[in-house]
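I'd like to go over a predicted model; first the sequence, then the structure.
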Amino acid sequence: MQRLINKILVVRFSSIGDIVLITPVLRTLRERYPYAKLCLVVKKEFVEITRLFPHIDRVIVFDSGDGLLGLIKLIGKINSEQFDLLIDLHWNLRSMLIYLFSQIKHKIHYSKHRILRLLRVWIKYSLLPQQSHIIDLYFNPLTEFGILSSDNRVPELKIDSDMNKNVIECLKELGIEDKDLVIGMCPGAKWETKQWPIEGFVEAGNILMKELNAKIVLIGDAHDLELGKRIEAWMDKKPLNLVDGTSLLELAALIQRCDVLITNDSAPLHIAAALGVSTVSMFGPTTLDLGFGPHGNGKHIVLERDLSCRPCSSHGSRKCPKNTHECMTFITPEEVVDAVKHLLEVEGVS
């Protein structure tokens, strides 16, 4: 018997990269229920990225600063709107409370394989299913609910044409023309152990500017300001430093202009993949089988080292447990340059 679904609520509070990775689910829901109202719950600080989501009708904002009272009000608001289907794609304590106390007829949630991920970190042996990318895990509850699993699991962002045009014009004013080869560099990451040393970015940038006549653009948010300043100061030729110089939407349009993005395992990696931009990424404390690798229509190369201590955490940490950071320092600028050349199909690169 086909279920009547007129209003759908999807919950994914954070963070930017994880929210971007739910877009294939949102697209599938729109295809399956074209006339249903599709709403998304996210934290206040991540609302801006949802403006690039083409398939949702409305965003419900949750301010975590309001504490338990704010969560109770949110649950009350949800109950007042008579949703037919709740899909929890976060499954943390807050979302579990929404799941438990919301008066919605149909409720489904995804499984994080939390124990299996912890075992992967603790014993360094993977018991995770073969298809353990987070996007596959997001789709599992939909399949169990009877929504046909989509073969198209590519993240999707749509940038407004005016925003794209404005960024292109600004870049021209800053010396980057349509014909230029643009390599983006994102030196930051939420966790320090996920950051490739800035000396690597400096050397890779120097080589790419010299050998490919590339224009290097540094990107990031306010937390990456010092990293951007140091890379800019140390490079042989001045890159275009736009760290903390754009809004999130402008940042996405800037990434879309890049021919390749060199980045740590961070939100810009997933934004680039969702925009079809090729990436070279450096993975250190985390491994691909934990489920957060780049997934998109572009070409992607992940550089990592096979070390017995990896993975040392599920999401990264402030400090290397061995105080060596070898998982990142062992990745060389030459490897990054070769990966970029491979993606660009530069002659003479294997």
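Cool, got the structure.

Please make it C-alpha for all contacts and neighbour counts, starting now.
OK.

Please enumerate the helices of the chain.
16-20, 23-32, 67-80, 93-101, 114-123, 134-145, 161-173, 198-212, 225-234, 248-257, 267-274, 326-329, 333-344 (DSSP state H).

Let me know which of the ones you listed is the nearest to residue 306.
Among the helices of the chain, helix 326-329 comes nearest to residue 306, with 8.1 Å by Cα to Cα.

what comes up buried for that closest one?
Residues of helix 326-329 classed as buried: 327, 328, 329 (neighbour count, 16 or more other Cα atoms under 10 Å).

same deal with stretch 105-119?
107, 108, 109, 110, 112, 116, 117, 118.

In these, find the pair that's most separated.
107 and 118, at 26.4 Å, using Cα to Cα across the buried residues of stretch 105-119.

what's the distance between residue 78 and residue 8?
To residue 8, residue 78 is 11 Å away according to Cα to Cα, to the nearest Å.

got the contact list for the residue lying closest to residue 30 once chain neighbours are set aside?
Closest residue to residue 30 apart from its sequence neighbours, by Cα to Cα, 6 or more residues apart in numbering: residue 55 at 6.3 Å. The neighbourhood of residue 55, defined by Cα atoms under 8 Å, 6 or more residues apart in numbering, consists of 26, 27, 30, 38.

Do you know the pLDDT at the third one?
Reading off the confidence values, residue 30 has pLDDT 95.

Helix 67-80 and the longest strand seen in the chain, what's the angle between them?
In the chain, with assignment by DSSP state E, the single longest strand is strand 37-43. Interaxial angle, strand 37-43 versus helix 67-80 (axes from the mean of the first three to the mean of the last three Cα atoms, to 10 degrees): 180 degrees.

And the average pLDDT for strand 37-43 is what?
98.

follow-up on the earlier one: which one of the buried residues of helix 326-329 is nearest residue 263?
Closest to residue 263 out of those is residue 328 (12.3 Å), distances taken as Cα to Cα.

what comes into contact with the worst-scoring helix or strand of the chain on mean pLDDT?
In the chain, the helix or strand scored least confidently by mean pLDDT, DSSP states H and E is helix 114-123, which has a mean of 80. Helix 114-123 has contacts (Cα under 8 Å, 6+ apart) with 125, 126, 127, 128, 290, 310, 311, 312, 313, 314.

okay, it in CSV with CA atoms only?
C-alpha atoms of helix 114-123 as CSV (Å, rounded to 0.1, in the frame of the first residue of the first chain):
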residue,chain,number,x,y,z
ARG,A,114,29.3,4.1,15.5
ILE,A,115,30.7,1.0,17.1
LEU,A,116,32.3,-0.3,13.9
ARG,A,117,33.9,3.2,13.3
LEU,A,118,35.3,3.2,16.9
LEU,A,119,36.7,-0.3,16.4
ARG,A,120,38.3,0.8,13.1
VAL,A,121,40.1,3.5,15.1
TRP,A,122,40.9,1.4,18.1
ILE,A,123,42.1,-1.9,16.4
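
and that helix, how far out from the chain's middle?
Distance, stretch centre to chain centre, for helix 114-123: 22 Å (Cα atoms, centre = their mean, to the nearest Å).

got the contact list for residue 202?
Taking Cα under 8 Å, 6+ apart as the test, what residue 202 contacts is 231, 234, 235.

what does residue 328 give?
194, 195, 196, 197, 282, 283, 284, 304, 305.

among these, which are in strands?
Reading strands off these with DSSP E, I get residue 282.

Let me know the closest of the contacts of residue 328 to residue 222.
residue 195 (15.4 Å).

Mind pulling up the pLDDT for that closest one?
97.

quick one: the nearest residue to residue 148 once chain neighbours are set aside from residue 98, how far?
Once flanking residues are discounted, residue 148 sits nearest to residue 142: 7.4 Å by Cα to Cα, 6+ apart. Residue 142 is 18 Å from residue 98, where distance means Cα to Cα.

low-scoring stretches of the chain, by residue?
By pLDDT under 70, the low-scoring segments of the chain are 1-2, 127, 129-132, 347-350.

Just give me the residue closest to the centre of it.
When Cα atoms, centre = their mean is applied to the chain, the residue found nearest the centroid is residue 17 (2.5 Å).

Contact partners for that residue?
So residue 17 contacts 266, 267, 268, 269, 270, 271 (Cα under 8 Å, 6+ apart).

if you set the cut-off to 6 Å instead, what comes out?
Residue 17 makes contact with 267, 270, according to Cα atoms under 6 Å, 6 or more residues apart in numbering.

what does residue 273 give?
With Cα under 6 Å, 6+ apart, residue 273 has these contacts: 295, 296.

Run through the residues that contact the residue nearest to residue 302 when sequence neighbours are not counted.
Spatially, and ignoring its direct neighbours in sequence, residue 302 is nearest to residue 281 (4.9 Å; Cα to Cα, 6+ apart). Counting by Cα under 6 Å, 6+ apart, residue 281 makes contact with 262, 263, 264, 302.

how close does residue 281 sit to residue 264?
For residue 281, the distance to residue 264 - Cα to Cα - is 5 Å.

cool, residue 167 as well?
Look at residue 167 and residue 264: by Cα to Cα, they are 23 Å apart.

which of the two has more neighbours?
residue 264 (26 against 21; other Cα atoms under 10 Å).

Verify the stated contact: that one with residue 284.
No - look at residue 264 against residue 284 with Cα atoms under 6 Å: they stay out of range, at 8.9 Å.
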